[in-house]
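Participant: coords below, sequence missing:
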C-alpha cells in the first residue's frame, strides 16, 4: 500500500511542513513523538495528514497544550491498514449528535449551506470531527467533504488546508 504523510505546523501565524515516513513506528505515541520532533517546540498547532491508496484519510492534531486528537474518514480500513490501526488508537466514534451540537452552535453556516441535518460520511468516520473547527472547517463540513461523491482524500486535505491557510505549504510538499 502506498501512502502520503505530511506534517504541517503553525508557529504564530506562519505555516511550514515536511513529508514524513510512518515506517517503523509502532503506535500512536510513537507517531505523536515523531510529529513533535518534526514540528518543533515552538509550534502552536501541528497537523499530520495521512492518505493511503486514494481510499481514506486521517488527521492527527497536536496542540501545544493538549492531548493529540485524531480523525479517520473511514474506520473500516483499520482492519486492512497498519497505519490506520495505529492512528485509530486515538480515535473515538463520530456520532450524529456531535455534528448536531456543532450545527446548533453555528446556525449561520448551516443556513448559508442549506444544511439542516448533520451529514455523516459514507463509510464509517471515527475520531474527533471537530479537530479542524478553529482552522476554518466545522465538524459537519469535514464530514460532508468526506462524504462528497468522487472526492479523493487528497481533495479533502487540500480543502482543509485551504480553509486553514496552509494550502501553499501542502502544495510545495506535494510538488504541485
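Facilitator: Good, I have the coordinates. This one's a predicted model, so the numbers in the text were calculated from it and none came from an experiment. Numbers count the residues shown, from 1 in each chain.
Participant: didn't residue 63 look like it was pressed against residue 47?
Facilitator: No: look at residue 63 against residue 47 with Cβ atoms under 8 Å: they stay out of range, at 10.0 Å. Using the backbone N, CA and C atoms, a C-beta is placed for each residue, glycine as well.
Participant: Give me the more crowded residue out of those two.
Facilitator: residue 47 (28 against 16; other Cβ atoms under 10 Å).
Participant: Spatially nearest residue to the more buried one, not counting backbone neighbours?
Facilitator: Taking Cβ to Cβ, 6 or more residues apart in numbering, and ignoring the residues beside it in sequence, residue 47 has residue 8 as its nearest neighbour in space, at 4.8 Å.
Participant: where do the strands sit along this structure?
Facilitator: All strands of the chain, identified by DSSP state E, fall at 3-11, 14-19, 45-52, 56-63, 69-72, 126-127.
Participant: Now do the fifth one: which elements does it pack against?
Facilitator: Counting contacts by 3 or more Cβ pairs under 8 Å, 6 or more residues apart in numbering; DSSP states H and E, strand 69-72 packs against strand 56-63, helix 82-88, strand 126-127.
Participant: buried sites along stretch 71-82?
Facilitator: Buried residues in stretch 71-82, counted by 16 or more other Cβ atoms under 10 Å: 71, 72, 73, 74, 75, 77, 78, 81.
Participant: Quote the end-to-end distance of it.
Facilitator: Start and end residues of stretch 71-82 are separated by 16 Å (Cα to Cα, to the nearest Å).
Participant: what pLDDT, on average, does stretch 167-176 get?
Facilitator: Averaged across stretch 167-176, the pLDDT comes to 91.
Participant: should've said stretch 77-88
Facilitator: Rounded mean pLDDT across stretch 77-88 is 92.
Participant: go on, stretch 22-38?
Facilitator: Mean predicted confidence for stretch 22-38 is 93.
Participant: Identify all contacting residues around it.
Facilitator: Contact with stretch 22-38 is made by 3, 5, 7, 9, 18, 20, 46, 48, 50, 60, 62, 68, 70, 83, 86-87, 89-90, as judged by Cβ atoms under 8 Å, 6 or more residues apart in numbering.
Participant: Please pick the buried ones from these.
Facilitator: 3, 5, 7, 9, 20, 46, 48, 50, 60, 62, 68, 70, 83, 86-87, 90.
Participant: Good, we can wrap up now.
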